[in-house]
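> Return atomic coordinates for the entry below.
(one chain, ligands or ions: 3)
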Amino acid sequence: MILDLDIGNTLSKWRLKDVDSSEIRSRGAVWTREEWRPGADIPDLDVVESVRISSVARKAVLDDTVSLLRRRVPNVFVARSTREALGVLNGYEEPGRLGVDRWMGALAGYQLAGGCCAVDCGSAITVDFVIPGGYHLGGYIIPGLRLMKESLKLGTRNVAIDPESEAAELLEPGRRTVEAVNHGIYMAAVSAINRIYSEVCDQQEVALPMLLTGGDARVVSRGVQVPHAVWPDMVYGGLEASFPLTPAERAGRMSGAPVVPSPVSLEKIRAGLAFSMLL
Ligand SMILES: Nc1ncnc2c1ncn2[C@@H]1O[C@H](COP(=O)(O)OP(=O)(O)O)[C@@H](O)[C@H]1O
Ligand SMILES: CC(C)(COP(=O)(O)O)[C@@H](O)C(=O)NCCC(=O)O
Ligand SMILES: [K+]
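Residues are numbered from 1 along each chain as shown. Ligands and ions are numbered 1, 2, ... in the order given. Sure thing, here's the model as predicted:
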């Protein structure tokens, strides 16, 4: 079995993948914290022959996790942000400083769509661009829905947005504090994503497919007008492409990859941008 780990600032996600069949056998998530307890937090390591890790947690957490795993598992692969990988050139001045989850998403998106806007809606919402030819332009970081809410300190933190809510309701003016906050942060997130996408496509003169991932991807998806696909395993896709282990991965396939969404024309994107600015 392969154990894939995606350690974010809030949640540490894991999944077990069969090496021969490439099937996902189980998955789970635990709060990101100092220490892993194999058998409790993550599956028993006896069945695991390889681990692949993407981590944005503090270096000490990653170091401890890696040393624990190295004692028990033959192969441990740790993803790093590099200057170039899989045909993508990292846009950061200091490539190693780009969050490795963003880098994994950019690599997966490029491998799937050959140019994309990769949006990760987690603790932070990150929006990264890779244009055809493999140039990663850099991106944008804004607080995620939960962080935006907590920063207001209005005592609404325990009333999360219902992930089943309809976008139309979430975009209405709130008539109670908790609604005003939830609708406000939702509007902030989806309008930022829509606007960032249009601005960058306009500047770069290319209509890109958009891919969404992260814990809040599904609810954010309902408010994003740009054609897009939700790919919950996008970060894992970057791990698969970086460290291919199964026959399917060696052939370039990534688990759960969605059908690439067809972007609207650049003219339409530009018209939308002009309209939103009343030009
Ligand atoms: N069941 C859940 N448990 C915790 N957070 C959730 C859950 N469902 C959605 N969320 C949202 O997802 C965010 C965490 O998403 P995730 O992509 O795992 O973040 P990160 O990679 O930063 O740890 C939380 O901040 C919260 O807004
Ligand atoms: C921006 C992030 C905090 C997002 O992490 P997440 O919300 O997925 O936990 C992470 O990618 C990170 O720590 N990045 C390093 C800074 C950068 O990318 O510029
Ligand atoms: K994120």
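> how about the helices in this protein?
Using DSSP state H, the helices of the chain run over 59-72, 100-113, 145-152, 167-170, 177-204, 217-223, 234-242, 247-250, 266-276.
> among these, which is nearest residue 130?
helix 100-113 (4.7 Å; CB to CB). (Each C-beta comes from the backbone N, C-alpha and C, glycine too.)
> Show the average pLDDT along that closest one.
Helix 100-113 shows a mean pLDDT of 98.
> And it, what does it pack against?
strand 50-55, strand 88-89, strand 116-121, strand 124-131, strand 210-213, helix 234-242 (3 or more CB pairs under 8 Å, 6 or more residues apart in numbering; DSSP states H and E).
> Nearest residue to the middle of the protein?
Nearest to the mean C-alpha position of the chain, counting by CA atoms, centre = their mean, stands residue 120 at 3.3 Å.
> Let me see the contact set for it.
Residue 120 sits next to 101-102, 105, 126, 128, 212-214, 234-235 when contact means CB atoms under 8 Å, 6 or more residues apart in numbering.
> For ligand 2, which of the helices and strands packed on helix 100-113 is the nearest?
Ligand 2 lies closest, by CB to the nearest ligand atom, to one member of these: strand 124-131, at 3.7 Å.
> could you check whether that closest one is close to ligand 1?
No. Using CB under 6 Å from any ligand atom, strand 124-131 stays clear of ligand 1, coming no nearer than 6.5 Å.
> buried sites along that strand?
The neighbour-count check on strand 124-131 (16 or more other CB atoms under 10 Å) flags 124-131 as buried.
> ok, now stretch 178-198?
178-179, 181-187, 189-190, 193-194, 196-198.
> separation between the residue nearest to residue 244 when sequence neighbours are not counted and ligand 3?
Counting by CB to CB, 6 or more residues apart in numbering, the nearest residue to residue 244 once its immediate chain neighbours are dropped is residue 250, at 4.8 Å. Residue 250 sits 28 Å away from ligand 3, going by CB to the ion, to the nearest Å.
> Model confidence for residue 250, exactly?
Per-residue pLDDT puts residue 250 at 97.
> and if you look at residue 39?
68.
> quick one: contacts for the residue in the stretch 1-150 of the chain positioned nearest to ligand 2?
Nearest residue of the stretch 1-150 of the chain to ligand 2 (CB to the nearest ligand atom) works out as residue 99 at 1.9 Å. Listed by CB under 8 Å, 6+ apart, the contact partners of residue 99 are 56, 81, 126.
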